[in-house]
Structures are given as structure tokens and as C-alpha cells.
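Chemist: Dropping the sequence and predicted coords here.
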Amino acid sequence: MAKINENYLKLAGSYLFRETAHRTAAYKEAHPEADVISLGIGDVTQPLPKACIEAMHKAVDEMACSSTFRGYGPEQGYSFLIEKIIENNYKGLGIENDEIFISDGAKSDCGNIQEIFSVDNRIAITDPVYPVYLDTNVMAGRTGLLAEDGHYAGVTYLSCNAENNFCPELPEERPDLIYLCCPNNPTGTTLNREQLKVWVDYARENESVILFDAAYNAYITDEDVPRTIFEIEGAHDVAIEFRSFSKTAGFTGTRCGYIVLPKTVMGKTADGSRQALNPLWNRRHTTKFNGTAYIIQRGAEAIYTPEGKQQVKEIISYYMENARIIREGLTAAGVTAFGGVNAPYIWLKTPDNMPSWDFFDKLLNEVNIVGTPGAGFGPCGEGYFRLTAFGNREKTIEAVERIRNNLHF
Ligand code: MLT
């Protein structure tokens, strides 16, 4: 009989969003009449920008004709998209074409990147954290067992809570890989330039690599919050950035994202010599991935046209208005809420420090609203709860009304 990868047996329960979906489905089955509003998983509700749809239609037509048909494309992505990304998101930051790798989204990239690193590397993650960073390292065998306190042995946890303003402090023990997410999922908070610089300097001094998830960067409004880690001096030697079209332009279903991996980011071999990470990722990507669909890449390219930019701006404003409605509505009802200014997530304190999963059940049962329990993102998320701004306007207003009128904080 084939032996299994036993690291999978170390994983805690099912993937967070499968568990919330499972509980929601069970509730709906038992209460088919209930009008359940989902502000749980960060899935978008607004249609793709018109510019993307038109570009995709055109690309479909090209596929119908032998002279314009495309089969396998470059695994790293078409240059028409890579060039637009650099021109619009990394202008003047010295990023080159072969430092961008187009993919099917940031979730896969954040999960796959750990494959190019040795299994003995120590990882540091924030607590709470987007579960993909941790779970994929557990699967790879880069952690010990899950302890009773909800932490895996061998992992450095960086607590983020209201007391430290959700800004992770530098660890006492040096990690090799540091996962940072800004704007943050789940807390909706950000690191400003100065705070991020502390981490870049730390990574340089300690020869660590920062895995920087910037999937929500389109939601940044504060001038003081960097749009990319490569705005920070020295980051080109220590950082890998993950970006996504999902939350920017509604590609959660169509799937497109990318990694930025400068050729100057180094790791080391067992004999201590320096090795650039870019060629390793290139090797992994070209071996295991056959490229994002041409039609989708044409759609993604269209967000950089003048119409596309305007349409994306409107979509982001729509969600950020939802965020304002949630944040202000709940704050007026006495809820302590964070985030929702530079990010589409609102992170709130549960009433009387109620355990997050109890609050999930209470919200679902009493007002038919689905959110995400903070504890699902790590032990420091206990007593917190996440709502997303990705719902439609009407449902978002209705959800806030239901909470305000029926729950006491
Ligand atoms: C979330 O709700 O945290 C997101 O949907 C996660 C993701 O983008 O995979």
C-alpha cells in the first residue's frame, strides 16, 4: 500500500472556509426559508469590469480562427500582460519582465512558493493569519505537531492584536521565511512605510526572505501605506511579492494573479553558497504550470486601459463604501471594529469576548448572517470576527441593520 504524506494528518480540521461553508449549508438545509446573508469568505459579488469582458470576448473570437488561435502560451505569462503590470504597478522600481510570473491566483502562489525552500527553514507568520501560508507549510513538513494552545511546534508566531495595533513585532528567534500580508487579511489593517522598512531591514540583517502578500493593495487609500514592498529600499534583495486580480477586478472565478521575484533575492545551498531564487521558481513554474489561459490574460490586461482603470476604480469604491457602512454602522452600535479603511475586511471584537465560533453560530442562528470566526485565523483571532465588504450594497445595509437591531454589544 502506498504510504501517505503524514504531515497532512497534522492539519487542524478542514480548511477554514470549507468549515464555515459546511455550517452555513447545514443551517440553510434546516431553515430553507431563511434569508441568509454572506459576509464570510472574501468572494466578490460585482461583475467583471466591462473592459475585461470585451477583451475576453475578443480573445474568444481569436481562438475560433486558425490564424489567431493560441495553444500553450509562455508558462510565465504573455509579455503583453507583464509589460502592462510593470508599467502600471512597478514603474521606476526596477522590476524586469523575467521577474514577473503570471499564475492562476495568489492563493496558489502563496501556497506553492514554499516548495523552493528547504524543509528545515523556520517560518514566521502573524497570528491571526490567512490560513494558506501555515497549512501549506504544515503539509510540507516544515512544522511540528499542533499543540493545545493552537500553535504548531517549530513555527514563529507574531501576535497581532488591538494592543500592538496589529503591527507584528520582530521575533526573538530568527526565522528564514517571514510571511506578511498588507493590507492584512483578516484584520483589514496595514503597515506603513516605516513599519514595513523595519521588516525589510530585519530580513536583510538576518538573511531572511519576506513573502509579501499584497492581494488587497488596490484598497489602499492612505498615502503612508506602500502600494508594493518594492517601494521600500532594500526590498529587492529580500522580498517576493504576491498580487492578485481577484479582489482588484473581480477575478475570483476567472483566476489570475502573479508573483514578483527579483533576481537579486537569494537563498543558500547546503554548502553555504548563494543561490538566486528566481531561477528556482522559474523551474518550478515551467515544470508544474502551463500558463494562465490566454483569454483570461487578455481580460487582465484590459484593466490597464483607461476604461478598465475607471471601471476598477468604481468597483473598489463600491466595496469600500460597503466597508464604511459596516464599520460605521457597527461602531455606532457599540462594536469595536478595526480595518475597513485600506482594506475590504472589518475585524470586530465579539460581544463580551464571546468565543468566535460561538459568535459565528449566534450570528447565523439569530440574524442569518455569515461571517468568519477570528479563531479560524489563529489563536490570537479568538474573540474577534471578520466581515467582508464584498457583498452587494442592499444586503450589506440589511446585514448591518439586522446586527444593530438584534444584537447587544
Ligand atoms: C478570504 O476570505 O480570506 C479569501 O477569500 C481568501 C482567498 O482569497 O483565498
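Modeler: Here it is on my side, so go on.
Chemist: alpha carbons only for contacts and neighbour counts from here, please
Modeler: OK.
Chemist: Surely Pro88 is in contact with Tyr304?
Modeler: One thing to correct before we go on: residue 88 is Asn, not Pro. Yes. Using CA atoms under 8 Å, Asn88 is in contact with Tyr304, at 7.3 Å.
Chemist: who are the neighbours in contact with the residue sitting nearest the centre point of the chain?
Modeler: For the chain, the residue nearest the mean C-alpha position is Ala215 (4.9 Å; CA atoms, centre = their mean). Taking CA atoms under 8 Å, 6 or more residues apart in numbering, we find Ala215 in contact with 106, 182-183, 242-248.
Chemist: can you do 6 Å?
Modeler: Residues near Ala215 by CA atoms under 6 Å, 6 or more residues apart in numbering: 243-244.
Chemist: State the pLDDT value of it.
Modeler: Ala215 carries a pLDDT score of 98 in this model.
Chemist: That one is in what secondary structure piece?
Modeler: For Ala215, there is no helix or strand it lies in under DSSP states H and E.
Chemist: gap between it and Glu205?
Modeler: Per CA to CA, to the nearest Å, Ala215 is found 26 Å from Glu205.
Chemist: Once you drop chain neighbours, what's closest to Arg393?
Modeler: In space, and not counting its chain neighbours, Arg393 is closest to Asn322: 6.3 Å by CA to CA, 6 or more residues apart in numbering.
Chemist: What count of nearby residues applies to that neighbour?
Modeler: Applying other CA atoms under 10 Å, we find 25 residues neighbouring Asn322.
Chemist: ditto for Tyr157
Modeler: 21.
Chemist: Can you give me the buried ones in the helix or strand hosting the residue nearest to Arg393?
Modeler: Of the helices and strands defined by DSSP H and E, Asn322 is found in helix 306-332. By neighbour count with 16 or more other CA atoms under 10 Å, helix 306-332 contains the buried residues 308, 311-313, 315-316, 318-331.
Chemist: Show me what the next helix or strand after that helix is in contact with.
Modeler: The helix or strand immediately downstream of helix 306-332 is strand 337-339, counting by DSSP H and E. With CA under 6 Å, 6+ apart as the test, strand 337-339 has contacts from 188-189, 346-348.
Chemist: Among those residues, which are located in strands?
Modeler: Members of the contacts of strand 337-339 lying in strands (criterion: DSSP state E): 346-348.
Chemist: Could you dump the residues you listed into CSV and include neighbour count?
Modeler: What follows is the ones in strands among the contacts of strand 337-339, written out as CSV (neighbours: other CA atoms under 10 Å):
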residue, neighbour count
Ile346, 25
Trp347, 25
Leu348, 22
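Chemist: Only C-alpha atoms, please: export stretch 367-383 in PDB.
Modeler: C-alpha atoms of stretch 367-383 as PDB (Å, rounded to 0.1, in the frame of the first residue of the first chain):
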ATOM      1  CA  VAL A 367     -29.800  37.100  12.400                       C
ATOM      2  CA  ASN A 368     -28.900  34.800   9.500                       C
ATOM      3  CA  ILE A 369     -25.600  36.400   8.800                       C
ATOM      4  CA  VAL A 370     -22.400  34.500   7.900                       C
ATOM      5  CA  GLY A 371     -19.100  35.900   8.900                       C
ATOM      6  CA  THR A 372     -15.700  34.300   9.600                       C
ATOM      7  CA  PRO A 373     -14.600  33.500  13.100                       C
ATOM      8  CA  GLY A 374     -11.400  35.100  14.100                       C
ATOM      9  CA  ALA A 375     -10.200  32.000  15.800                       C
ATOM     10  CA  GLY A 376     -10.100  30.300  12.400                       C
ATOM     11  CA  PHE A 377      -7.200  32.500  11.500                       C
ATOM     12  CA  GLY A 378      -5.200  31.600  14.600                       C
ATOM     13  CA  PRO A 379      -5.400  31.700  18.400                       C
ATOM     14  CA  CYS A 380      -4.900  35.500  18.600                       C
ATOM     15  CA  GLY A 381      -8.000  35.800  16.500                       C
ATOM     16  CA  GLU A 382     -10.100  34.300  19.300                       C
ATOM     17  CA  GLY A 383     -12.700  36.900  20.500                       C
END
